[in-house]
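**Q** Predicted model and sequence below, questions to follow.
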Amino acid sequence: MIRSLGVVLAAALAMGAKDPSKAEWDPRDDGPDKIDVSSWPPAMQKRYPIFSAKCSKCHPVARPVNSRFDATEWKRYMKKMIRRPNSGINEEQAADIYEFLKYFSAKQGAK
Ligand code: HEC
C-alpha cells in the first residue's frame, strides 16, 4: 500500500504535477491544440512552429489556441509570458509570435 502510493507520487512528479515552472491546469488546455494555417500567408505560416514550440513549455499550446484575445490583449500577455523566468523566448521570437497571434485574433474576428 505505502509502496504503491510512492509509485503514484513518483509518476505524478515525473509527469510534472509538482513542477513549479508548469502552469496549473486550465479548461482551455483540453481543447484543440492546433490551428489550421493552411490558408494563411506564407510569412504567417512560418511563424506557426515558433509559436507552438515556444508557447507549449509551461502549459499546453492549447491554452493560447483556445483563448480569445484582441491584439492589445495579446501584446500584454506576450510581455507577461516572456518575463517569466526561463521562458526561453527571445525578443525576435516574441515579435514573430506576437505577429502570429495578432493575425490569429483578426481571423477570429477580434478588433
Ligand atoms: C515560462 C513559462 C511560460 C511560457 C514559456 C508561456 N507561458 Fe503562458 N502561462 C504561464 C503560466 C504560469 C500561466 C498561468 C498564470 C497566468 O495566467 O499568468 C500562463 C497562462 C497563459 C494564458 C492564459 C491567460 C489568461 O489569464 O487567460 C495564455 C493565453 C498564455 N499563457 C499564453 C502564452 C503564449 C502565447 C505563450 C508563448 C509566447 C506562453 N503563454 C508561454 C506560463 C508560461
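**A** Good, I have the coordinates. Numbers count the residues shown, from 1 in each chain.
**Q** all strands for this structure, in order.
**A** With DSSP state E as the criterion, the chain has no strands.
**Q** Would you map the helices across it?
**A** 2-14, 42-45, 48-54, 62-65, 71-83, 91-107 (DSSP state H).
**Q** Quick check: which of those helices is buried the most?
**A** Across these, averaging neighbours per residue (mean count of other Cβ atoms under 10 Å) puts helix 62-65 on top, at a mean of 20. Heads up, the C-betas are built off the backbone N, CA and C, glycines and all.
**Q** That helix and the ligand in contact?
**A** Yes: shown here: helix 62-65 in contact with the ligand (Cβ under 6 Å from any ligand atom) through 63-64.
**Q** what's in contact with that helix?
**A** Contact with helix 62-65 is made by 23, 26, 28-35, 51, 55, 77, 101, as judged by Cβ atoms under 8 Å, 6 or more residues apart in numbering.
**Q** Just send the residues you listed back as a markdown table, with pLDDT and distance to A62 too.
**A** Listed next are the contacts of helix 62-65 as a markdown table, based on pLDDT from 0 to 100; distance: Cβ to Cβ, whole Å:
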| residue | pLDDT | distance to A62 |
| --- | --- | --- |
| A23 | 94 | 12 |
| D26 | 97 | 9 |
| R28 | 97 | 6 |
| D29 | 97 | 5 |
| D30 | 97 | 7 |
| G31 | 97 | 5 |
| P32 | 97 | 7 |
| D33 | 96 | 4 |
| K34 | 97 | 9 |
| I35 | 97 | 10 |
| F51 | 98 | 12 |
| C55 | 97 | 10 |
| Y77 | 96 | 15 |
| L101 | 98 | 14 |
